[in-house]
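A.B. asks: sequence and predicted structure, then a few things I'm wondering about:
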Amino acid sequence: MKIFCAVRSVILKSIVVKSFSKSSAMVKYLDQQEAINIDNELFNEYQFTVDQLMELAGLSCATAIAKTYSNLENKSILVCCGPGNNGGDGLVCARHLKLFDFNPVICCPQPNEKELFNRLTNQCFLMDIPIIECTPEAAGIEEEFSFIVDAIFGFSFKPPIRRIFVPIIDYMKRTKLPIISIDIPSGWDVNEGKPDGGIEPEMLISLTAPKKCAESFTGKYHFLGGRFVPKRLQDKYNLQLPKYVGTELCVALH
């Protein structure tokens, strides 16, 4: 009886693993134009605001990070934000990480002066989250922080990297700290993936649906976040998104 139960357990585990792998492989990876088209439909047809989607995306990113790194003794995080929507996701993520008992410091090499970003920045400031112009060569960064959140470039990125962002991207290439990239590892080609000498994040949090470049990702953790895509839109683009469990805002892809 014990032998039968043990064999049955092994078989069931094998079925579960195969089922998970199969469902993960079915998820559609979007090219750049498809990602842009879906975003445009969310804004125009479904009438989501940028604020809404940033809040949902940033919260899902913070949730995935908190789930993965909750046991760290030093919960200090350097959150590197660009001036676009990816950077806005990073600002929201930092705010929620603060609420999750992490200690974020925001680095903005090129602040965005638009009203939306001023609001997001002010919210972080009033929550006592330090905001700095990045100094990646400053002594002590490796000792002060546990990891880096990369929220510099999103799926609209086209190379080459602008000069103002070169120092922080070069720093992330060299650092021994784990990197968590939001939606796109900064500096990667959205369709083609990791360039020679590109950053190598330990964690990638894809938003809406994974992008083509995620096929090049070889880090430890890949999550999907941003639980806001209407079923009709999922069907139109054949996204085949994995099922979120219960009230979860993110789901592990591998």
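C.D. replies: Looks like it came in fine. Since the structure is predicted, the reported quantities are computational estimates derived from the model, not experimental observations.
A.B. asks: ok, the most centrally placed residue in the chain - contacts?
C.D. replies: By C-alpha atoms, centre = their mean, the chain has its centre lying nearest to Ile182, at 2.3 Å. Neighbouring residues of Ile182 by C-beta atoms under 8 Å, 6 or more residues apart in numbering: Ala57, Cys61, Asn86, Asp89, Gly90, Cys93, Val149, Asp150, Ala151, Gly154, Ile205, Leu207. Every residue, glycine included, has its C-beta placed from N, CA and C.
A.B. asks: give me the subset of the residues you listed lying in strands.
C.D. replies: Among the contacts of Ile182, the residues falling in strands (DSSP state E) are Val149, Asp150, Ala151, Ile205, Leu207.
A.B. asks: what's the closest of the residues you listed to Phe223?
C.D. replies: Ranked by distance to Phe223 (C-beta to C-beta), the ones in strands among the contacts of Ile182 are led by Ile205 at 4.8 Å.
A.B. asks: how many other residues sit next to that closest one?
C.D. replies: By the criterion of other C-beta atoms under 10 Å, Ile205 has 30 neighbours.
A.B. asks: quick one: the helices in the stretch 1-150 of the chain?
C.D. replies: Ranges of helices in the stretch 1-150 of the chain, per DSSP state H, counting those that start in this stretch, are 2-26, 32-44, 50-69, 85-99, 115-126, 141-144.
A.B. asks: show me how far the third one is from its chain's centre.
C.D. replies: Here helix 50-69 is found 8 Å from its chain centre; the criterion is C-alpha atoms, centre = their mean, to the nearest Å.
A.B. asks: also stretch 73-83?
C.D. replies: Mean C-alpha position of stretch 73-83 versus that of the full chain (C-alpha atoms, centre = their mean) differs by 13 Å.
A.B. asks: for the ones in strands among the contacts of Ile182, which one is nearest Pro167?
C.D. replies: Using C-beta to C-beta, Asp150 comes nearest to Pro167 of these, at 14.0 Å.
A.B. asks: Glu200 reaches Gly187, doesn't it?
C.D. replies: No - using C-beta atoms under 8 Å, Glu200 makes no contact with Gly187, being 10.8 Å away.
A.B. asks: neighbour count winner among the two?
C.D. replies: More crowded of Glu200 and Gly187, by other C-beta under 10 Å: Gly187, with 24 against 16.
A.B. asks: show me what contacts the more buried one?
C.D. replies: Neighbouring residues of Gly187 by C-beta under 8 Å, 6+ apart: Phe153, Phe157, Pro159, Ile161, Ile169, Pro195, Gly198, Ile199.
A.B. asks: how does it look with 7 Å?
C.D. replies: By C-beta atoms under 7 Å, 6 or more residues apart in numbering, the residues touching Gly187 are Phe153, Ile161, Ile169, Pro195, Gly198, Ile199.
A.B. asks: buried subset of those?
C.D. replies: Those of those that meet the buried threshold are Phe153, Ile169, Gly198, Ile199, by 16 or more other C-beta atoms under 10 Å.
A.B. asks: just the pLDDT for the last one.
C.D. replies: To tie it back to what came earlier, the one meant is Ile199. Ile199 is assigned a pLDDT of 96 by the prediction.
A.B. asks: need the three-state assignment for it.
C.D. replies: coil (DSSP: H, G, I helix; E, B strand; the rest coil).
A.B. asks: name the nearest residue to it, sequence neighbours excluded.
C.D. replies: Nearest in space to Ile199, with sequence neighbours left out and distances taken as C-beta to C-beta, 6 or more residues apart in numbering, is Met172 at 4.7 Å.
A.B. asks: tell me the SS of the one you found?
C.D. replies: helix.
A.B. asks: what does the pLDDT read for it?
C.D. replies: Met172 is given a pLDDT of 93.
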